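Okay, here's the prediction I keep looking at, along with the sequence it came from:
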Amino acid sequence: MQVTREELSLQVDQARWEWLKPHYQRGVLIVVDGMLELAEVGERIAVDDTASVKSWLASRMIVKPTAEQFEGWEQQPNRQFAVLVVNPFVLVQEAVPEK
């Protein structure tokens, strides 16, 4: 069954860092640059579009979290993220902190 971008956009949710930490520890957390839409990235991963994924990886638009990001998130367990699960990956974008 093919998943569409529209269906995936309905599955984007919010989560706090403390809820995402186990996925980081399993190595399945992927940080998506804010210039990309989570649903688009999820769709490209779901349909195995290796050209798009390789391009985003090469340009660092999608990355595994760095040790520095992890440490920063550990200091803010309530930090909010936009989240989309595309098995086996958990795609996240950092939410802009409220002022």
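Yep, that arrived.

show me where the chain has helices.
With helices called from DSSP state H, the chain shows them at 5-11, 17-26, 38-46, 50-58, 67-74.

Mean neighbour count and mean pLDDT added to the ones you listed, as TSV?
To be clear about C-beta, it is placed using only N, CA and C from the backbone, and glycine gets the same treatment. Below are these laid out as TSV (neighbours: other CB atoms under 10 Å; pLDDT from 0 to 100):
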stretch	mean neighbour count	mean pLDDT
helix 5-11	14	92
helix 17-26	15	95
helix 38-46	21	95
helix 50-58	13	96
helix 67-74	13	94
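
among those helices, which is nearest residue 84?
helix 38-46 (4.4 Å; CB to CB).

Can you tell me how far residue 14 is from residue 67?
25 Å (CB to CB, to the nearest Å).

Check residue 56 too.
Applying CB to CB to residue 56 and residue 67 gives a distance of 21 Å.

was I right about residue 84 contacting residue 8?
Yes: in this structure, residue 84 is within contact of residue 8 by CB atoms under 8 Å, at 6.3 Å.
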